[in-house]
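1. everything below, folded, please.
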Amino acid sequence: MAKFERPLVMGHKGMLGSQLYLILRKLYPATVGLDIEELDITDQKQVEDVLSHHKPEVIINCAAYTRVDACESNREIAFRVNRDGPRYLAQAAARLNTRLVHLSTDYIFDGKKDSPYLEEDQPHPISVYGESKLRGEEAVMETLDDYLIVRTSWLFGVKGPNFVYSILSQAREGKTLKVVNDQVGSPTYTADLSRAIVKLLELNCQGIINFCNYGSCSWFDFARAILRFKGMSHVEVQPITSQQLNCPARRPHFSVLSLSRIKSVLGAYPRPWEAALAELLSIAD
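-> Numbering: from 1, shown residues only. Prediction:
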């Protein structure tokens, strides 16, 4: 198994990065966590200087501009963060002979497939966010031979904001919830994804690999499960269409990722999203 002493988590204050940083620190006490205050990944010289100072053996890039709707009106920012940032990290990694793990998204697909997306399926993003993330993947692949791109979907975790906390907040305010029922994907618990990333690093996994919790649902189903696990099934949830929601950015109607490769690498499927959700809600306020 691959060993490393000094992993670096970029974006360590975010929902995924904070969870991954905590797990890595327990295993590798010299783990470094950086966020935009310490390193702006859109500044190429700063990337070179800071990474040259830390000399990590592996970089895990959890930094991204993830406000999907805001990307539509902030295209330049989305591409600077989601395309140029990964390119600069990859270039620095190449000079330092450092491995790079880059996080990507199901939103690189258009949602027209009727079965789970394989790693080798042709991407076709339908939003600025999805396109910028795809260009980030391409920048990493064009620059490095030793890389791992982990595609994931519908993240939820201890650190918010995320869909779980949004649903609970609205429910506690006594609101009738309206949630889309024509977008289907796989919720992913940041704790499970973080542990999988560590295992993939230790196994020296390369290329592109999907990870999400097992199973799929619509956002409507996800919302009802959140309320059920919290004993709030009495809260009314109304299903609506994406057209009725009328968000600036289009979302894929079906973006379930295939878990065949992760099963072959780790020896088992990730646990079901319902089990992961129940664990989070047992510790969440």
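
2. bridging residues for the residue nearest the centre of the chain?
-> Closest residue to the average C-alpha location of the chain: residue 152 at 5.0 Å, with CA atoms, centre = their mean. Here residue 152 sits in beta bridges with residue 105, going by DSSP bridges.

3. what sits against it?
-> Neighbouring residues of residue 152 by CB atoms under 8 Å, 6 or more residues apart in numbering: 103, 104, 105, 106, 188, 193, 210, 211, 212, 257. Every C-beta, even on glycine, is put in place using the N, C-alpha and C of the backbone.

4. would you map the helices across the protein?
-> In the chain, the segments counted as helices under DSSP state H are 15-27, 44-54, 68-73, 75-79, 85-96, 128-143, 163-172, 190-202, 219-229, 242-245, 260-266, 273-283.

5. for those helices, which one sits closest to residue 112?
-> Each of the helices of the chain has some distance to residue 112 by CB to CB; the shortest is helix 128-143, at 13.2 Å.

6. buried residues of that closest one, list them for me.
-> Of the residues in helix 128-143, 128-137, 139-141, 143 count as buried by neighbour count, 16 or more other CB atoms under 10 Å.

7. also stretch 172-190?
-> Residues of stretch 172-190 classed as buried by neighbour count (16+ other CB under 10 Å): 177, 179-190.

8. quick one on the thing from earlier: just put the helices of the chain in TSV and tack on mean pLDDT and distance to residue 122.
-> Listed next are the helices of the chain as TSV, based on pLDDT from 0 to 100; distance: least, CB to CB, whole Å:
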stretch	mean pLDDT	distance to residue 122
helix 15-27	97	26
helix 44-54	98	30
helix 68-73	98	21
helix 75-79	98	21
helix 85-96	98	20
helix 128-143	98	11
helix 163-172	95	28
helix 190-202	97	24
helix 219-229	97	25
helix 242-245	96	23
helix 260-266	98	17
helix 273-283	96	26
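
9. Serialize those to CSV and add fields for distance to residue 34.
-> As requested, those are exported to CSV (distance: least, CB to CB, whole Å):
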stretch, distance to residue 34
helix 15-27, 9
helix 44-54, 7
helix 68-73, 23
helix 75-79, 19
helix 85-96, 11
helix 128-143, 18
helix 163-172, 25
helix 190-202, 17
helix 219-229, 32
helix 242-245, 35
helix 260-266, 27
helix 273-283, 26
